[in-house]
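Colleague: generate coordinates for the sequence data below:
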Amino acid sequence: MFLAWKEMKHNRLKYSIITLVLVAVMYLVFFTIGLSRGIKNFGASKIINSSAQTFVLSEGVSDRLERSSMSSRRALEIKEQMGEDATIIGVTLANMTNVSSDSSDSFGVAYFAVETDTFLSPTLIEGRAPKDDREVIATPYIRNYGVDLGDKIHDSRMDVSFTIVGFAEDETYNYSPIVYLQPEQYSEVTFIGQMTGSSNVQSVVTMSSPSEVASDITKYNIDLSTKEKIIETTPGLAQQSASFTLLIASMYIISGMILAMFFYIVTIQKRKEFGQLKAFGADNRFIIGAVLGQVGIVTLVGIMVSTILILLTDAVLPPIIPFLLQWRYIVWGSLLFLGVAILGSLASVYETIKIDPIEAVGGNN
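Modeller: Okay, the predicted model is just below:
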């Protein structure tokens with residue numbers, strides 16, 4: 001390690017350049033990971049953060065929650081057979097405008113009709129609870145569209161308006177802020193509900209696993225889905241996750257190739273010096289330790305600098321950008337970088353083992 005550090009101090013510019021290149025690549029990887037996690041969270045954080053394990057859906061909807069539809073009466077029958085923690089939810093998407101502002105721009109929301117005092121009920125963090133059926137709670141992401149407490153939002157499709165009186169946890173569904181409704185309000189935001197006075201709902205949800213759900217509910221021609229499947233089938237989420245995974249893997253490969261080429265060239269350039277060290281009694285372990293020491297120092301410095309930069313980036317990014325930084329991904333990403341760097345240095349290690357001290361110092365000439 002002493003030899004590695006001394007060599008790096010002697011060639012500061014060379015090692016500074018490769019460190020900066022590595023910092024840039026690692027920063028891009030961490031940023032891409034943050035975007036990937038942020039978009040996934042943005043697409044379905046209401047489901048991700050919930051304790052739900054099993055979703056009872058109507059038959060043949062391919063685990064798509066918003067496509068499911070069952071009558072309120074049937075949902076109630078299923079709920080009664082599923083245990084005390086089961087709850088009924090209605091989910092539908094809509095476009096809204098802020099009546100309280102001068103803007104006519106519309107924005108998407110996800111209506112969530114949930115029963116009170118259940119594990120899916122929103123937790124109020126600002127404002128107050130609704131006092132009548134014209135008042136609702138929303139999630140704070142709606143503020144990115146200029147909507148705040150006391151504002152009235154209008155659903156032109158169903159010709160219904162609500163006033164935002166409170167904010168719950170900052171969760172989203174289908175890349176949209178959530179507007180929470182009481183079950184009796186849900187009939188106002190669906191065509192079937194407005195025509196019949198009783199709206200179809202989307203699912204009966206429980207914290208029990210599918211294997212624990214009563215088997216006799218299958219007589220209702222329903223499908224059982226899991227939390228993971230509901231998340232995976234969020235529109236566009238699987239494709240985006242696959243794209244980001246491919247991009248991140250490519251960056252790891254590129255960083256490994258950069259390090260491999262750099263240290264291989266350095267090793268070739270220093271064949272004579274390594275040969276002299278061998279001639280003076282240094283064994284392969286000592287020289288390999290010097291090479292791996294340089295790789296480790298460059299990589300660790302790159303990890304520290306890129307981590308600081310990504311933390312600063314997370315602090316200044318506006319809330320509208322879906323970016324989620326989680327320490328476990330930074331730690332695992334850093335360890336993977338270190339592993340890729342060591343793997344990339346194997347060519348240099350092999351080259352040092354091959355060095356003949358007599359040939360390197362010109363003894364055969």
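
Colleague: look at residue 158 and report its pLDDT.
Modeller: In this model, residue 158 is scored at 90, pLDDT.

Colleague: and if you look at residue 320?
Modeller: 84.

Colleague: ok, now which ones touch it?
Modeller: residue 144 (Cβ atoms under 8 Å, 6 or more residues apart in numbering). From N, CA and C alone the C-beta is placed, and that goes for glycine too.

Colleague: for the closest residue to residue 103 other than its chain neighbours, grab the count of nearby residues.
Modeller: Among residues not flanking residue 103 along the chain, residue 146 sits closest, at 6.3 Å (Cβ to Cβ, 6 or more residues apart in numbering). When counting by other Cβ atoms under 10 Å, one arrives at 14 neighbours for residue 146.

Colleague: separation between residue 146 and residue 217?
Modeller: Residue 146 is 44 Å from residue 217, where distance means Cβ to Cβ, to the nearest Å.

Colleague: what's the answer for residue 262, then?
Modeller: Distance of residue 262 to residue 217, given as Cβ to Cβ: 62 Å.

Colleague: between the two, which has more neighbouring residues?
Modeller: residue 262 (22 against 17).

Colleague: and that one, how far from residue 318?
Modeller: Residue 262 is 37 Å from residue 318, by Cβ to Cβ.

Colleague: mind listing what's buried in the strand ranked longest in the chain?
Modeller: The longest strand of the chain (DSSP state E) is strand 87-98. For strand 87-98, burial by neighbour count (16 or more other Cβ atoms under 10 Å) applies to 87, 88, 89, 90, 91, 92, 94, 96, 97, 98.

Colleague: by contact count, what packs against the longest helix along the chain?
Modeller: Longest helix in the chain by number of residues (criterion: DSSP state H): helix 12-48. For helix 12-48, the helices and strands in contact under the criterion 3 or more Cβ pairs under 8 Å, 6 or more residues apart in numbering; DSSP states H and E are strand 172-173, helix 227-232, helix 237-269, helix 284-316, helix 327-344.

Colleague: who wins for proximity to residue 43 among these?
Modeller: Comparing the helices and strands packed on helix 12-48 against residue 43 with Cβ to Cβ, the closest turns out to be helix 237-269 (4.6 Å).

Colleague: give the buried residues for the closest one.
Modeller: Those would be 237, 240-241, 244, 248, 251-252, 255-256, 258-260, 262-264, 266-267, for helix 237-269 by 16+ other Cβ under 10 Å.

Colleague: so what's the closest residue to residue 221 other than its chain neighbours up against?
Modeller: What sits nearest to residue 221 in space, not counting adjacent residues and going by Cβ to Cβ, 6+ apart, is residue 59, at 4.8 Å. Residue 59 sits next to 221, 222, 223 when contact means Cβ under 8 Å, 6+ apart.

Colleague: quick one: which of these has the most company?
Modeller: Of those, with other Cβ under 10 Å as the count, residue 222 tops at 21 neighbours.

Colleague: tell me the confidence at that residue?
Modeller: Listed pLDDT for residue 222 reads 88.

Colleague: then residue 35?
Modeller: 91.

Colleague: how about the closest residue to it other than its chain neighbours, what does it touch?
Modeller: Distance criterion Cβ to Cβ, 6+ apart; nearest residue to residue 35, sequence neighbours excluded, is residue 323 at 5.9 Å. Residue 323 makes contact with 34, 35, 38, 314, 317, according to Cβ under 8 Å, 6+ apart.

Colleague: kindly provide the distance from the first one to residue 250.
Modeller: Spelled out, it's residue 34. Distance, residue 34 to residue 250, using Cβ to Cβ: 17 Å.

Colleague: residue 253 is in contact with residue 29, correct?
Modeller: No: assessed by Cβ atoms under 8 Å, residue 29 is found out of contact with residue 253, at 11.0 Å.

Colleague: ok, back up a step: with pLDDT and distance to residue 295 added, can I get the buried residues of strand 87-98 in JSON lines?
Modeller: Below are the buried residues of strand 87-98 laid out as JSON lines (pLDDT from 0 to 100; distance: Cβ to Cβ, whole Å):
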{"residue": "87", "pLDDT": "93", "distance to residue 295": "54"}
{"residue": "88", "pLDDT": "93", "distance to residue 295": "58"}
{"residue": "89", "pLDDT": "94", "distance to residue 295": "53"}
{"residue": "90", "pLDDT": "93", "distance to residue 295": "57"}
{"residue": "91", "pLDDT": "92", "distance to residue 295": "51"}
{"residue": "92", "pLDDT": "92", "distance to residue 295": "55"}
{"residue": "94", "pLDDT": "93", "distance to residue 295": "55"}
{"residue": "96", "pLDDT": "94", "distance to residue 295": "55"}
{"residue": "97", "pLDDT": "94", "distance to residue 295": "57"}
{"residue": "98", "pLDDT": "94", "distance to residue 295": "55"}
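
Colleague: hang on, the earlier thing: closest to residue 189 out of the helices and strands packed on helix 12-48?
Modeller: It's strand 172-173; of the helices and strands packed on helix 12-48, that one is closest to residue 189 (Cβ to Cβ) at 14.5 Å.
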